[in-house]
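S.K.: sequence first, then the predicted structure:
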Amino acid sequence: MRNPVYSAGLRSFKITRSMKILYSLIAIPVLLASSCKKGDDKKSEPKNTHTISFNTPGNEPGFIYVDGQYTGSKTPASIELQPGNHTIGIALQNSFTYLRKETNVSGNATIDFTNADKPAPKTWKALWIGLYETTGISATGNCSTHFSQSELDAGYDFFNWSLQQHFEKYSYGTMKWEVERKDISVPVSLTRANANWFTVEPSTITALMPQIQPGVYDCVFVFWREKEGSCSFQSNYFGLAWTNPIAEPIKTGYVTVKFDAGTSITDRINYYKTTDPGVYIHEWLHTTGENFYQNKGLALPAKAGGYSVHAAEMYNYSFPWMNWYLDFVSGRVPNPSGEPKYLGIGPDGLLRCTVRETAVNNNCR
Ligand SMILES: [Zn+2]
């Protein structure tokens, strides 16, 4: 199985019913909104367009977004826009910075973007938890795996590296992650679904960490050791994510990374960094890219095998999928069916309410 690279949560099957309820709740406002739109279009029928060009700092090329949607054009190209108010964004290609401006289009114009047009990034809050001891009933009986303090430090560094190299970069600076780290020193019990499926369930962690409450964190990341000596909790996944955070009791994203540290965790991490670095961004996208942003009305890639994050091959991306994650996060996955032209979250989507804000405020879109 090349794609899915990592498996998603079993839990996603359990929550199908609540997902359906959520969808039916949003169906009515969506229909109303689309019928309103048709009426407005009929009234004004704007046919004439204006040519808009852009200046960017240092003439750096940038991907042009209009009203939250990638246009398919890149500066220095100009675009045609209908008159009226628009939000225009430029995702600078080399510096991975997003600049954004509200503008009223009433004729041909050149819009100057400067670094002062960089919007304040949205703060996302992570809780990273390293497990010192993970215990369960393996094929050879009851046993535990362990991570030392320095091994957990290495795992934590790997996470922070991914936040910087993937999450924040692919958001063009519209996300800023704040991380709290709280390792667990008491043994944490695995849940065993069958001989080949061991998980650290959210309920096991929340029993030990009562501070995980709706509205506090956007995502919890749990890092634990798969194997040590003859003790193995091998399961057919690397990372695991729960795909509908708002439907969970904690209303928080939940991800676990089950790490096979081998004889040297540093060597293993370096191996993944160079060959297959996407485990954290992949799992986080499951928490936001399967239901969360769809429920906010954004157009995300279609699902393959039940998951949008696993649709990379369907859209012609290839292993190790980093361009897929980039385009998924920045809203630039070409849509073969045409409307909208590009799919994904996008910088403007990321400036909307985060998971923890949405968890405690239904009106927060
Ligand atoms: Zn997956």
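M.R.: Yep, that arrived.

S.K.: OK, contacts around the most centrally placed residue in the chain?
M.R.: Taking C-alpha atoms, centre = their mean, the centroid of the chain lies closest to Leu285, which sits 3.2 Å from it. Each residue near Leu285 by C-beta atoms under 8 Å, 6 or more residues apart in numbering is listed here: Val309, Tyr325, Phe328, Val329. Yep, even glycine has a C-beta here, placed from its N, CA and C like the rest.

S.K.: ok, of those residues, which one's closest to Ser264?
M.R.: Comparing the contacts of Leu285 against Ser264 with C-beta to C-beta picks out Tyr325 as the nearest, at 26.8 Å.

S.K.: pull out the buried residues from the contacts of Leu285.
M.R.: The neighbour count (16 or more other C-beta atoms under 10 Å) marks Val309, Tyr325, Phe328, Val329 as buried among the contacts of Leu285.

S.K.: which members of these are the farthest-apart pair?
M.R.: With distances taken as C-beta to C-beta, the most widely separated pair in these is Val309 and Val329, at 10.9 Å.

S.K.: the helix or strand where the residue nearest to the centre of the chain lies and the ion in contact?
M.R.: Using DSSP states H and E, the element containing Leu285 is helix 279-289. No: Helix 279-289 does not reach the ion (C-beta under 5 Å from the ion); its nearest approach is 5.6 Å.

S.K.: need the next SSE after that helix, C-terminal direction.
M.R.: Past helix 279-289, the next helix or strand by DSSP H and E is helix 292-295.

S.K.: next one: that following helix to chain centre, how far?
M.R.: Taking C-alpha atoms, centre = their mean, to the nearest Å, one finds helix 292-295 lying 11 Å from the centre of the chain it belongs to.

S.K.: chain center to the helix holding Leu285: distance?
M.R.: Distance of helix 279-289 from the chain centroid (C-alpha atoms, centre = their mean) equals 5 Å.

S.K.: tell me which residues of it come out buried.
M.R.: Those would be Val279, Tyr280, Ile281, His282, Glu283, Trp284, Leu285, His286, Thr287, Thr288, Gly289, for helix 279-289 by 16+ other C-beta under 10 Å.

S.K.: got it, and stretch 66-74?
M.R.: The neighbour-count check on stretch 66-74 (16+ other C-beta under 10 Å) flags Val66, Gly68, Gln69, Tyr70, Thr71, Ser73 as buried.
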